[in-house]
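Q: below: sequence and its predicted model.
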Amino acid sequence: GENVEQHPSTLSVQEGDSAVIKCTYSDSASNYFPWYKQELGKGPQLIIDIRSNVGEKKDQRIAVTLNKTAKHFSLHITETQPEDSAVYFCAASEGFQKLVFGTGTRLLVSP
Amino acid sequence: GAVVSQHPSWVICKSGTSVKIECRSLDFQATTMFWYRQFPKQSLMLMATSNEGSKATYEQGVEKDKFLINHASLTLSTLTVTSAHPEDSSFYICSALDRAGNIQYFGAGTRLSVL
């Protein structure tokens, strides 16, 4: 089955800096890669996703890149703000159903 | 975006009792919903896939007799933790697949504490 690894587990940045979180997956059949933001005591919130026919996608300060050959994808957050502080999870699936989540990255943005 | 409501948000129960958690899609119909379990500072683990009008599909290692799932309508799925024990204490999260089958929208989660 699919296995998703995520790094780093913790990331501390200063406000205004960029943050990059990386994930690798094992199943070449996976074709859907969403990123979720989870705040303390809440459910995950989809922030961006990418499908395997696209190499890069951007939405304002957030971008995701996908390298199918290397089986890795990354989340890029530019101009970070304190409200970006949360736990971020990557996930992978074949189709859109059985998501396999990464281990999470705790992002702390200091003012 | 679509809204998924989960109730209750927090429940405390005595060991041996059963607890029911509801997951509702408020503004869309969801033929497929999912139930996840999350331990503190850990990732989400899929427990089961709930399909409206049919039996749920459980992931390996998840006891179907302990975690009863019912998806009786296109907007409601329930998870019942039967004969709960302290080791069942966890954060349970549901999600609903949108009508197009493209995106999972998550509920806010239910924190279960079994004394």
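A: Here it is on my side, so go on.
Q: separation between the residue of chain A at minimum distance from chain B and B:Phe34?
A: Among the residues of chain A, A:Gly43 lies closest to chain B, at 3.9 Å counting by Cβ to the nearest Cβ. Just so you know, the C-beta spots here come from the backbone N, C-alpha and C atoms, and that holds for glycine as well. Distance of A:Gly43 to B:Phe34, computed by Cβ to Cβ, to the nearest Å: 12 Å.
Q: repeat that for A:Ser9.
A: Distance from A:Ser9 to B:Phe34, by Cβ to Cβ: 25 Å.
Q: when these two are compared, which one has more neighbours?
A: A direct count of neighbours by other Cβ atoms under 10 Å in any protein chain shown for A:Ser9 and B:Phe34 places B:Phe34 higher, at 26 against 12.
Q: looks to me like that one is in a strand.
A: Yes: assignment of B:Phe34 by DSSP: H, G, I helix; E, B strand; the rest coil places it within a strand.
Q: tell me if I'm right that it and B:Tyr92 touch.
A: No: look at B:Phe34 against B:Tyr92 with Cβ atoms under 8 Å: they stay out of range, at 11.2 Å.
Q: so what's the residue count around B:Glu52?
A: Neighbours around B:Glu52, by other Cβ under 10 Å: 16.
Q: ok, it touching B:His71?
A: Yes: the pair B:Glu52 / B:His71 is scored as a contact, 4.9 Å apart, by Cβ under 8 Å.
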